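Enquirer: Prediction below, plus the sequence it came from.
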Amino acid sequence: LRSFFFGASDIAALRRVVPHDHRKCTSFDLITACFWRCRTKALEIDADEDVRMMVIVNARARFNPPLPAGYYGNAFAYPAAVTTAGKLCENPFGYAVELINKLKGEVTEEYMHSVADLMVTNGRCLFTTVRSFIVSDLRHFGFKQIDFGWGRALYGGVAKGGAGPFPAVFYLMAHKNAKGEEGILLPIWLPAKAMDKFANELD
């Protein structure tokens, strides 16, 4: 496990290599696209193999009428962007950013009803895990505002990447580095050899 920090200058550098018509993309789009490309290259996935990036999308605001007050159940989806490893790694960076950006817009109320119908008819089947990665944004959960009686937290979030038996789940978290710079922390798990390649690709 290793964590990578993205400060304002890193995000600005990523934004500069995106075409002008995608400059309004979010920092989540930029970091997720960058991570997806670097991880795919580091794992040396064959160019003709499909790769999937799933992002967890909060669907609470997508319902009309809205979900009832006091409903605390899950209301999210994780749609997948699918392309080949070759297209992902050989196309300009903006290609990956556009895939991620479009993906989030696909989660509508109709999409959520369709997912619910699928779960009823097919059971709670597991998504395709082969060459699949999931990213979730935990920056707005308010971890740092929690006070257990001895002051505000210096850090809050997950201890490691992964979810149960599926290690390819990653979380973006708000973080302040040793220099006091606010930014985004991405802890990831990769085999040692692939981790070195990932770090080189990211640099």
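Expert: Cool, the structure landed. Numbers count the residues shown, from 1 in each chain.
Enquirer: For the helix or strand containing Ser9, name the packing helices and strands.
Expert: Element membership for Ser9, per DSSP states H and E: helix 8-16. Judged by 3 or more CB pairs under 8 Å, 6 or more residues apart in numbering; DSSP states H and E, helix 8-16 is in contact with helix 27-42, strand 182-188. C-beta here means a position set from N, CA and C on the backbone, and glycine is covered the same way.
Enquirer: ranking the ones you listed by burial, who's on top?
Expert: helix 27-42 (a mean of 23; mean count of other CB atoms under 10 Å).
Enquirer: Return that helix as PDB; C-alpha atoms alone will do.
Expert: Extracted C-alpha coordinates of helix 27-42, given in PDB (Å, rounded to 0.1, in the frame of the first residue of the first chain):
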ATOM      1  CA  SER A  27     -10.400  17.500  -9.900                       C
ATOM      2  CA  PHE A  28     -12.100  14.000  -9.400                       C
ATOM      3  CA  ASP A  29     -12.300  13.500 -13.200                       C
ATOM      4  CA  LEU A  30      -8.600  14.500 -13.600                       C
ATOM      5  CA  ILE A  31      -7.200  12.400 -10.800                       C
ATOM      6  CA  THR A  32      -9.300   9.400 -11.600                       C
ATOM      7  CA  ALA A  33      -8.400   9.500 -15.300                       C
ATOM      8  CA  CYS A  34      -4.700   9.900 -14.400                       C
ATOM      9  CA  PHE A  35      -4.800   7.100 -12.000                       C
ATOM     10  CA  TRP A  36      -6.600   4.800 -14.400                       C
ATOM     11  CA  ARG A  37      -4.000   5.400 -17.200                       C
ATOM     12  CA  CYS A  38      -1.000   5.000 -14.900                       C
ATOM     13  CA  ARG A  39      -2.400   1.900 -13.200                       C
ATOM     14  CA  THR A  40      -3.200   0.300 -16.500                       C
ATOM     15  CA  LYS A  41       0.300   1.000 -17.800                       C
ATOM     16  CA  ALA A  42       1.900  -0.300 -14.600                       C
END
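Enquirer: Quick one: mean pLDDT over it.
Expert: The pLDDT scores in helix 27-42 average 94.
Enquirer: Start from the N-terminal end of the chain and give the strands.
Expert: 2-6, 50-55, 57-58, 76-77, 80-84, 132-137, 169-176, 182-188 (DSSP state E).
Enquirer: Return the residues in contact with the residue nearest the centre of the chain.
Expert: The centroid of the chain falls nearest to Val135 when counting by CA atoms, centre = their mean (2.4 Å). Residues in contact with Val135, defined by CB atoms under 8 Å, 6 or more residues apart in numbering, are 28, 32, 35, 53-56, 169-172.
Enquirer: Need those residues in a markdown table (columns: distance to Thr128).
Expert: Below are those laid out as a markdown table (distance: CB to CB, whole Å):
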| residue | distance to Thr128 |
| --- | --- |
| Phe28 | 22 |
| Thr32 | 18 |
| Phe35 | 19 |
| Met53 | 12 |
| Met54 | 9 |
| Val55 | 15 |
| Ile56 | 16 |
| Val169 | 14 |
| Phe170 | 17 |
| Tyr171 | 21 |
| Leu172 | 23 |
